[in-house]
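> Give me coordinates for this.
(2 chains)
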Amino acid sequence: MASKSRDTETQINKEPISIGRIIMYIVLLLGAVVMIFPFYWMITGAFKTWTEVNLMPPTLFPENPFNIENFVYAFKTAPFAKYFLNSVLALLGCIVTCSFTTILAAFAFSRLRFPGREFIFSLLLSLMMVPYEMIIITNYRTIVTWKLHNTIWALILPFMSSIFYTYILKGFFDSVPDSLYQAAKVDGCSDWKYLWRVMVPMAKSSLATIILLNSIATWNSFLWPMIATNSKDVRTLPFGLYAFMTEGGQRNERMMAAATIVVLPMIIVFLFARKYIISGMSRGGIKG
Amino acid sequence: MMKRPFYERIKPLLYLLPFIISVAVFTLYPIVNVIRMSFLEGYKYLTGTYTGVGFDNYRKVFADPYFRQALGNTFKYVLIVVPISTAIAVVLANLLNQKIKFQAFFQTAYFLPMVTSSLAVGLAWRFMFNDKVGILNYLLSLFGVDPVNWLGQSAGNFRAVVVFGIWSILPNTIILLLSGLQNIDPMYYTAAKVDGAKTLRIFFRITVPLLAPTIMLVIIINSINTFKMYHELFPLFSGPGVAYNLFTVVYYIYYEFRVLTPPKYGLAAAAAVMLLITVFAFTMLQRAVQAWARKERGEDGKQVKRHRDANK
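Purely as a prediction, here's the structure:
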C-alpha cells in the first residue's frame, strides 16, 4: 500500500517546469538566504578589517579572505583556547553522565517490573512542562551551597539526567520485541548483560540522536554558565564570547571572529549528522 | 534463597537510582522550593529565616513597575511574533514538503539555526542591526525606508528583538509543521490533481484545513516558547534594552535573583510560580488540541481505509 501511494506521488511531481514551480524555488531560495545570511555575515565579517566593516555601502566579501588578524586578536586578548577546553570538558561530562542515567532509567521503565511504573513515568513526563527558568533559581542556590559555583561540576551536575532523553530511549526500548528479552533470560542472561550487550547496541541510532541533541544543547548553553559560574577559569565558549563582548570593546569584526569560533564546531557537526539531528529535533527536543 | 527475591525486588530501584536522585535534587526539589519561597515573607536564603507566610511577594510583584512592564512586553511580543512566524512557516514548510531538488541545501539552510549558539548568532544580528554601518539599514535605504535606530532607541529595540525572534523561531516551527504535513495522506492531493485543482486552491482548500490541528499545536507551543523570551536580550542589548524598557517575565525573574544585590528570591519565586501557571494553562490547551488532532487523524485514517477498500 505504501509503495503504491509513493508511485502516485512521483507521478504528480514529474510535471514539466511550470511558472508555479519557478515561483516556488524563488520563495524557497529567498527564505534560505534570509536564514543563512547571519552566518554568512558573521563568518565574512570575521575576515574583514576595521575599515571594511565600517564601509557604507557594506561589502559582500572580505578584501583579503586570509586575514586572520581578528582571530589572532581574540585568542590573544581572551583565553578562548581555555574556554574551548572547558566547553569540551562540560560536553563530555554531560554526555557520559546523562547517557548513563538515561540508559539505566529507560531500561527500568521499559523492561523491569515494579509497582507504580506507569504512574511514576507519566508523573515525570508532566514535569517536562515546568519551565527551566523556574528551576534555575534553586539550582543556582544549590550549586552555591555546595561551593561548586566555580568548578566545571556546576555545568554538569544539574544536567546529569534528562526526562526527555529517557522518554526517547524508552520509546525505542519499548519497540524491541519482548520475546528477545524472554529468550535471553531463559539462556541465563542477566538483565545487566542483556541491557549492555543487546539493547544498547540495538539502540545505536536512538542513542546517537540523544547524544547529538545533548551535545548541541550543552555546547550552546549560555545562561546557566553565566548564572552558575563567575570565574574566568571555568567559562565555556558562549559565556566567554559574551564576556568578550561586554568587557573587551565592541569592535564588530573581532566579535564576529569570536562568534565564528563558537559556531563553527556545531556547523561541522550539523553538516555530518543532519538527518539524525533533524529527526531528533522534530520530536520537539529543544532545551533552552 | 531469601536473598535473591529481595535483590530482584529492589533491582529496578538500583537501575533508577542515579536518574531519580538527579531528578529529585535538580528538578523536583527546585519546583517545591520555589513554590514554598514564593509564600514566605521576609525570607533570607542564607539563614533560612522568614517573618511570615502569605501573598506578600505576589502583591509586591504586581505592584512592581518592572513586572508590569514585563507583562506588557511579553504579551506584545507573543502576539506579534507567533502569528507572523507561523504564517511564514506554513508557506515554507509546505514548499519544503514538495519533491524539490537541492533538498540537502535547503535543509541545511533552514535548520542550521537550531544547532548554533543563539548568543553567537545574536551577535551577528547585532552587527547587522548596527545603526550606522549595519546591512539592514543599508537594505532598507535601497527601498527608500529611513534608517531604524534598532539598537540605540527603545522603539527600535523592540522591533529588533521581534525581527530576531521571528528568525530564531522559524526553524523549529517549520520542523513541527513538516511532521504534520507528512501525516496528510497523499490521496487527497492525487484526487485534487485529478479534478484539475490549481496549486493555490489546493493549498487553501486541502493543505490548510488538514493541517489545522498541527497549526493550532504550533501556535500553542510557540506561545509557550515566546512567552519565555529573554535569551535574545543578551546579545542584542546586554540587558533589557537601552532604556531598561524591555523587561520580559523571565528576564524579570533573572533580574530579581541574579542581577539585584541583595537578590530578592521571594519576588523571583512569585514571578516564577506565575510563569508556571501560565505555561501549565497553555500545556493543558495543547493536550486538548493534541487529543482533538488524534481524533481527526483517526477519522481520516478510517476514511482512507474505506477509499483503499473501494480500490480493491
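
> pretty sure A:Thr59 is in a helix, no?
No: under DSSP: H, G, I helix; E, B strand; the rest coil, A:Thr59 sits outside any helix and is assigned coil.

> Could you give the number of residues near it?
Other residues within reach of A:Thr59, judged by other C-beta atoms under 10 Å in any protein chain shown, total 13. In this view, the C-beta of every residue, glycine as well, is placed from N, C-alpha and C.

> In terms of helices and strands, where is the spatially most central residue of chain B?
When C-alpha atoms, centre = their mean is applied to chain B, the residue found nearest the centroid is B:Asn225 (1.7 Å). Assigning secondary structure by DSSP states H and E places B:Asn225 in helix B:208-227.

> Quick one: mean pLDDT over that helix.
For helix B:208-227, mean pLDDT is 91.

> what's the following helix or strand after it?
helix B:233-237.

> Give me the contact list for the helix holding B:Asn225.
A:284, A:286, B:74, B:77-78, B:81-83, B:85-86, B:89-90, B:165, B:169, B:172-173, B:176-177, B:179-181, B:183-184, B:188, B:249, B:275, B:278-279, B:282-283, B:285-286, B:289-290, B:292-293, B:296-297, B:300 (C-beta atoms under 8 Å, 6 or more residues apart in numbering or on different chains).

> Show me which positions of it end up buried.
Across helix B:208-227, burial judged by 16 or more other C-beta atoms under 10 Å in any protein chain shown covers B:210-211, B:213-227.

> repeat for stretch A:240-257
A:Gly240, A:Leu241, A:Tyr242, A:Ala243, A:Phe244, A:Met245, A:Asn252, A:Glu253, A:Arg254, A:Met255, A:Met256, A:Ala257.

> Now, of the contacts of helix B:208-227, which are buried?
Applying 16+ other C-beta under 10 Å to the contacts of helix B:208-227, the neighbour count classes A:286, B:74, B:77-78, B:81-82, B:85-86, B:89-90, B:165, B:169, B:172-173, B:176-177, B:180-181, B:184, B:188, B:249, B:275, B:278-279, B:282-283, B:285-286, B:289, B:293, B:297, B:300 as buried.

> For A:Phe39, give me phi and psi.
Backbone torsions of A:Phe39, given as degrees, to the nearest 10, read phi -70, psi -40.

> these two touch, right, it and A:Ile267?
Yes: if you go by C-beta atoms under 8 Å, A:Phe39 and A:Ile267 touch, sitting 7.4 Å apart.

> Report the separation between B:Phe282 and chain A.
9 Å (C-beta to the nearest C-beta, to the nearest Å).

> Now do the contacts for residue 152.
All of this refers to chain A. Taking C-beta under 8 Å, 6+ apart, we find A:Ile152 in contact with A:Asn86, A:Leu89, A:Ala90, A:Gly93, A:Val234.

> The intended chain is chain B.
B:Gly152 neighbours (C-beta under 8 Å, 6+ apart): B:Asp131, B:Val242.

> got the phi/psi numbers for it?
The phi/psi pair for B:Gly152 (degrees, to the nearest 10) is phi -100, psi 0.

> Could you do A:Thr236 as well?
phi -90, psi 170.

> I'd say it and A:Pro225 touch.
Yes: counting by C-beta under 8 Å, A:Thr236 does reach A:Pro225; the two are 5.0 Å apart.

> related to what we said a few turns ago, Serialize the buried residues of stretch A:240-257 to TSV and add fields for distance to chain B and pLDDT.
Shown next, in TSV, are the buried residues of stretch A:240-257 (distance: C-beta to the nearest C-beta, whole Å; pLDDT from 0 to 100):
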residue	distance to chain B	pLDDT
A:Gly240	10	93
A:Leu241	6	93
A:Tyr242	6	92
A:Ala243	11	91
A:Phe244	10	91
A:Met245	7	89
A:Asn252	5	90
A:Glu253	9	92
A:Arg254	11	92
A:Met255	5	93
A:Met256	6	95
A:Ala257	11	95
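
> Wondering if whichever strand or helix holds B:Trp167 reaches chain A at all.
Per DSSP H and E, B:Trp167 falls inside helix B:154-181. Yes: residues of helix B:154-181 are located near chain A by C-beta under 8 Å from any C-beta of the partner chain, namely B:Trp167, B:Leu170, B:Pro171, B:Asn172, B:Ile175, B:Leu176, B:Leu178, B:Ser179.

> Including pLDDT, could the residues you listed go into JSON lines?
JSON lines is the format used below for the residues of helix B:154-181 next to chain A (pLDDT from 0 to 100):
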{"residue": "B:Trp167", "pLDDT": "97"}
{"residue": "B:Leu170", "pLDDT": "96"}
{"residue": "B:Pro171", "pLDDT": "94"}
{"residue": "B:Asn172", "pLDDT": "92"}
{"residue": "B:Ile175", "pLDDT": "92"}
{"residue": "B:Leu176", "pLDDT": "90"}
{"residue": "B:Leu178", "pLDDT": "91"}
{"residue": "B:Ser179", "pLDDT": "87"}
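
> If anything else comes up later, I'll come back, but that's it for now.
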